[in-house]
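Visitor: show me the folded form of this:
(chains A and B)
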Amino acid sequence: MSSPNKDAFRKPNLKAHISTLLREKVCTTISPDVIYLMKQAQAAETSESAREMLNTQIENVRLAEAQKKPVCQSPGFPTVYIKYGGCLKVSDLTEALAEEFVSATNDGFLRPSIVHPLTRKNTGDNSGPGVPNFELDYDPNIDYIDVIVSLKGCGAELGNALRIMTPAQIGQNYAGVKEFVIDTVIKAGGKPCPPFAIGIGIGGQMDICAKLSRRAVSTRKWTDRHPEPELAALEDELMDKINQLGIGPGGIGGQTTALAVKIGLAYTHTAICPVAINFYCWVARRNGLRLYPDGRTEYLFTEEAN
Amino acid sequence: MKEATLKTPITTEQVRDLDIGDIVYLSGTVFTARDMAHLKLKRLLAAGEKLPEEFEGGIIFHAGPVVKKTSDGWQLWVIGPTTSIRMEPYADMVGKMGVKAIVGKGGMAEGTSAALGKYGGIYLLAAPGCGVVHSQAVREVRRVHWLEEFGVPEAIWVLDVEKWGPHVVGMDSKGRSIFKDIATRANSLKKTWFAAVD
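Guide: As a prediction, the model looks like this:
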């Protein structure tokens, strides 16, 4: 490994990398693992109208990249997941990110969509208290920084659900949890821009299961497998059931309803089983960058081998 | 399955002829309207005040664009549908205003089905998440209302479109809804999986 570059984690250098990440890898395209799944779904889909919808959606991504336009008019709500060690002054990165969101908005990469929740007054540049939302993870054992930017659509957010279940409600083979998921998906129907992915947070308390659900679907590759076999099997079973529901791309029928189901789990108290369900639309504007202290960088979501 | 091209002003007869699953292309004037625009239209109507546009025979698009300001006015950059169900509380008002086509995503509910039947109208599904594709049909931004008050997404943008589509008729004037049919079938299937739980 080459020697550390003392400027690698300072604001000017971070700013340049973040600008490329946000404009070229997030706003104007979708995550490479998701485009892979969209193409797989298109090849497998038997409904003609559903295949036509998937065609249009894939074509839209191609056009956005070619024309350097936002791939979707709605930038959703931005969350940035940051993992860092001891070598970063965190404000260098969070300030650079907040400034870049405003600058990219002024350049037409994001529609100004952030408002006061009660008065509905638009700030005009996607800034505001709590925006972007930063999720910081300190790990003293790493010398690199991971920055994952996720613009999660809010039509998808309207379908989300959370329930503090009791031990009795979990059911045989977790049937109660599965039914809650399936019910939520049927109620959401075409609203979260299917084919979507869902994150399921299980455990902790209310806020923890909600955060787990968001993190699972926002930071995991949609093509990965859960490392725990029992949870991997649960993800597979729910994927299979959801894709039998016939909701289809755009919600007008077809076999392709979900591209992925991702579970995040924490332990909880003996009295409860909190479960949160979090939709992520197919236009998955997210990618991540790993920055090393010697100045090297790599993208965290890359092309899948077909 | 039929295919139709509708040009504004659209007549009640034209939309009554369409069924769920039909394909529609649109030409003419389109008004974007989301939550805040609907709320303000409601308040204006309640107060007996004049609306900023004539909506009879018109098209409402549940959408908020990305626009760029140029020396000749506004350039439409990207536009696509937002989740329509949020506008469900205004279903009857929109029908009464004479709107003949609502374009959005995700579908709407019983109130909209009733209004589409009562006044004559259709709900069209625009491909979700396809803002660049939809923007190609927009010829011009004619004008904008309430921009200062509500900001870019929630303003009413008056657009001139040409052969915009294909859109799928998701809900028709005969009370039928693709979204309702799919949910009914999905719920029946769900009952076979979880019968033991109930």
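Visitor: could you list the low-pLDDT ranges of chain A?
Guide: A:1-3, A:304-306 (pLDDT under 70).
Visitor: got the residues of the stretch 101-250 of chain A near chain B?
Guide: By Cβ under 8 Å from any Cβ of the partner chain, the residues of the stretch 101-250 of chain A that approach chain B are A:108, A:110-113, A:115, A:120-122, A:124, A:153, A:155, A:158, A:171-172, A:175-176, A:178-179, A:182-183, A:186-187, A:189-194, A:241, A:244-248, A:250. In this view, the C-beta of every residue, glycine as well, is placed from N, C-alpha and C.
Visitor: mind listing which of these are in helices?
Guide: A:155, A:175, A:176, A:178, A:179, A:182, A:183, A:186, A:187, A:241 (DSSP state H).
Visitor: can I get those residues in JSON lines including neighbour count and distance to residue A:4?
Guide: Converted to JSON lines, those look like this (neighbours: other Cβ atoms under 10 Å in any protein chain shown; distance: Cβ to Cβ, whole Å):
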{"residue": "A:155", "neighbour count": "29", "distance to residue A:4": "44"}
{"residue": "A:175", "neighbour count": "16", "distance to residue A:4": "53"}
{"residue": "A:176", "neighbour count": "21", "distance to residue A:4": "52"}
{"residue": "A:178", "neighbour count": "20", "distance to residue A:4": "49"}
{"residue": "A:179", "neighbour count": "18", "distance to residue A:4": "53"}
{"residue": "A:182", "neighbour count": "21", "distance to residue A:4": "51"}
{"residue": "A:183", "neighbour count": "17", "distance to residue A:4": "52"}
{"residue": "A:186", "neighbour count": "19", "distance to residue A:4": "53"}
{"residue": "A:187", "neighbour count": "13", "distance to residue A:4": "52"}
{"residue": "A:241", "neighbour count": "21", "distance to residue A:4": "50"}
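Visitor: and which of those is nearest to chain B?
Guide: residue A:155 (3.6 Å; Cβ to the nearest Cβ).
Visitor: surely the closest one and residue B:85 touch.
Guide: No. Using Cβ atoms under 8 Å, residue A:155 makes no contact with residue B:85, being 9.0 Å away.
Visitor: need the overlap of contacts for the two.
Guide: Counting by Cβ atoms under 8 Å, 6 or more residues apart in numbering or on different chains, the common neighbours of residue A:155 and residue B:85 are A:191, B:106.
Visitor: would you map the helices across chain B?
Guide: Going by DSSP H, chain B shows helices at B:12-16, B:35-46, B:91-96, B:110-115, B:131-135, B:147-150, B:178-194.
Visitor: for residue B:1, report the pLDDT, please.
Guide: Here the pLDDT value assigned to residue B:1 is 88.
Visitor: show the pLDDT at the residue lying closest to it once chain neighbours are set aside.
Guide: Once flanking residues are discounted, residue B:1 sits nearest to residue B:21: 5.3 Å by Cβ to Cβ, 6 or more residues apart in numbering or on different chains. According to the prediction, residue B:21 has pLDDT 97.
Visitor: swap in residue B:72?
Guide: Residue B:72 is given a pLDDT of 88.
Visitor: and it, how far from chain A?
Guide: Look at residue B:72 and chain A: by Cβ to the nearest Cβ, to the nearest Å, they are 16 Å apart.
Visitor: which residue does chain B bring closest to chain A?
Guide: For chain B, Cβ to the nearest Cβ, closest residue to chain A: residue B:151, 2.9 Å.
Visitor: what sits against residue 136?
Guide: I'll assume chain A. Residue A:136 touches A:82, A:84, A:90, counting by Cβ under 8 Å, 6+ apart.
Visitor: hm, I was asking about chain B
Guide: For residue B:136, the contact set (Cβ under 8 Å, 6+ apart) comprises residue A:63.
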